[in-house]
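*Asks:* predicted structure and sequence below. I'll ask about it afterward.
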Amino acid sequence: MQHLFQIKKGEIMAEGKNGSTIMGMIWMLIISLLLFWLPAIGPLIAGIVGGKVAGGVSAGMLAALLPALVLAISLFVAGTLLTGVPLIGAVAAGGTLLLVIVNIVPLLIGALIGGLLA
């Protein structure tokens with residue numbers, strides 16, 4: 001009986017599923033933009049496809065979370081630069097962050113499903 005985590009002789013541990021986190025992010029972005037009119041189903045489908053393209057659960061979750069994190073930080077910086085007052089920038093970024101959080105939940109669930117399917 002072969003163990004689940006056993007590595008065969010001559011196999012490199014880094015070898016695994018072929019996938020790209022960057023391509024997963026790109027697929028999630030494109031499908032989310034195309035299916036924006038489906039509030040919960042669109043990001044779920046985008047997450048499934050992006051998680052499968054990313055090649056695994058952790059890569060799919062990273063592909064879903066990294067753009068949201070970059071967007072939140074860039075909105076905070078842009079809001080602060082445009083207003084000159086960090087508090088107003090934080091409030092402006094907080095409003096958009098709420099929209100990102102609403103969109104990221106089905107995207108993460110889809111990335112989990114897609115990563116398990118990969």
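*Replies:* Good, I have the coordinates.
*Asks:* where do the strands of the protein begin and end?
*Replies:* Per DSSP state E, the chain carries no strands over any range.
*Asks:* grab the longest helix from it for me.
*Replies:* For the chain, the longest helix by residue count, based on DSSP state H, is helix 86-117.
*Asks:* go through it and flag the buried ones.
*Replies:* Buried residues in helix 86-117, counted by 16 or more other CB atoms under 10 Å: 89, 92-93, 97, 100, 103-104, 106-115. (Each C-beta comes from the backbone N, C-alpha and C, glycine too.)
*Asks:* could you do stretch 68-80 as well?
*Replies:* Buried-residue list, stretch 68-80, by 16+ other CB under 10 Å: Ala68, Leu71, Ala72, Leu75, Phe76, Gly79, Thr80.
*Asks:* in CSV, please show the C-alpha coordinates belonging to it.
*Replies:* The C-alpha atoms that make up stretch 68-80 are tabulated as CSV, following Å, rounded to 0.1, in the frame of the first residue of the first chain:
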residue,chain,number,x,y,z
ALA,A,68,-7.9,41.9,-4.0
LEU,A,69,-5.0,42.8,-1.6
VAL,A,70,-3.2,44.8,-4.3
LEU,A,71,-6.5,46.6,-5.2
ALA,A,72,-7.2,47.5,-1.6
ILE,A,73,-3.6,48.9,-1.0
SER,A,74,-3.6,50.9,-4.3
LEU,A,75,-7.0,52.4,-3.5
PHE,A,76,-5.8,53.5,-0.1
VAL,A,77,-2.7,55.0,-1.5
ALA,A,78,-4.6,56.7,-4.4
GLY,A,79,-7.3,58.0,-2.1
THR,A,80,-4.6,59.4,0.3
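*Asks:* distance between it and the chain's centre?
*Replies:* 16 Å (CA atoms, centre = their mean, to the nearest Å).
*Asks:* show me the shaky parts of this protein.
*Replies:* 1-17 (pLDDT under 70).
*Asks:* just the helices from it, written as ranges.
*Replies:* Counting by DSSP H, the helices of the chain are 21-34, 41-54, 57-83, 86-117.
*Asks:* from the contact counts, what lies against the longest helix of the chain?
*Replies:* Packed against helix 86-117 by the contact rule (3 or more CB pairs under 8 Å, 6 or more residues apart in numbering; DSSP states H and E) you find helix 21-34, helix 41-54, helix 57-83.
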